[in-house]
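Trainee: I would like to see how this sequence folds:
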Amino acid sequence: QLTDLLQQYATSFRDPMMLQPPEWFKAFIYCEAFLQLPFFPIAAYAFLKGGCRWIRTPAIIYSTHVATTLFAILAHILFHDFSKSEHAGPQSLRERLVLLSIYLPYLLIPLLLLFTMLCNPHYKHVEKRKRK
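Mentor: Next up is the predicted model:
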């Protein structure tokens with residue numbers, strides 16, 4: 001069932017990276033599994049509890065990492081010659097933009113998180129330690 005759904009997605013949106021990922025894309029998948037996914041429950045805890053300034057550094061690392069990987073993915077979607085792919089990839093500019101629009105939220109949300117961590121005064125505040 002899930003493989004059928006994946007096949008349908010890849011065919012509908014002409015995303016060959018999901019069916020036959022390049023090696024660099026596989027590396028991003030491993031990073032997602034072992035670095036990004038463990039961040040989610042930690043971040044959910046910190047943001048739901050509120051007042052957890054310690055989340056700033058992990059959130060900056062997470063958002064910077066994700067944004068960097070997404071720039072590579074988006075560039076691949078825009079500029080790669082998919083005519084040589086085993087599975088159908090985007091050929092027209094419209095097809096490339098449709099596929100780009102699917103991946104774009106995965107860039108925008110980490111950038112919003114990064115902007116929040118860098119610019120929100122709550123997270124910029126540095127606590128002074130008391131002297132004994």
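Trainee: Could you list every helix and strand that whichever helix or strand Leu112 is part of packs against?
Mentor: Here Leu112 is covered by helix 105-119, with elements defined by DSSP states H and E. Counting by 3 or more Cβ pairs under 8 Å, 6 or more residues apart in numbering; DSSP states H and E, the packing neighbours recorded for helix 105-119 are helix 56-79, helix 121-124. Placement of C-beta: from N, CA and C, glycine included.
Trainee: Please identify the deepest-packed of those helices.
Mentor: helix 56-79 (a mean of 16; mean count of other Cβ atoms under 10 Å).
Trainee: just checking, what packs against it?
Mentor: Applying 3+ Cβ pairs under 8 Å, 6+ apart, one finds that helix 56-79 makes contact with helix 23-31, helix 37-49, helix 93-103, helix 105-119.
Trainee: and if we set it to 7 Å?
Mentor: Using 3 or more Cβ pairs under 7 Å, 6 or more residues apart in numbering; DSSP states H and E as the contact criterion, the secondary-structure elements in contact with helix 56-79 are helix 37-49, helix 93-103, helix 105-119.
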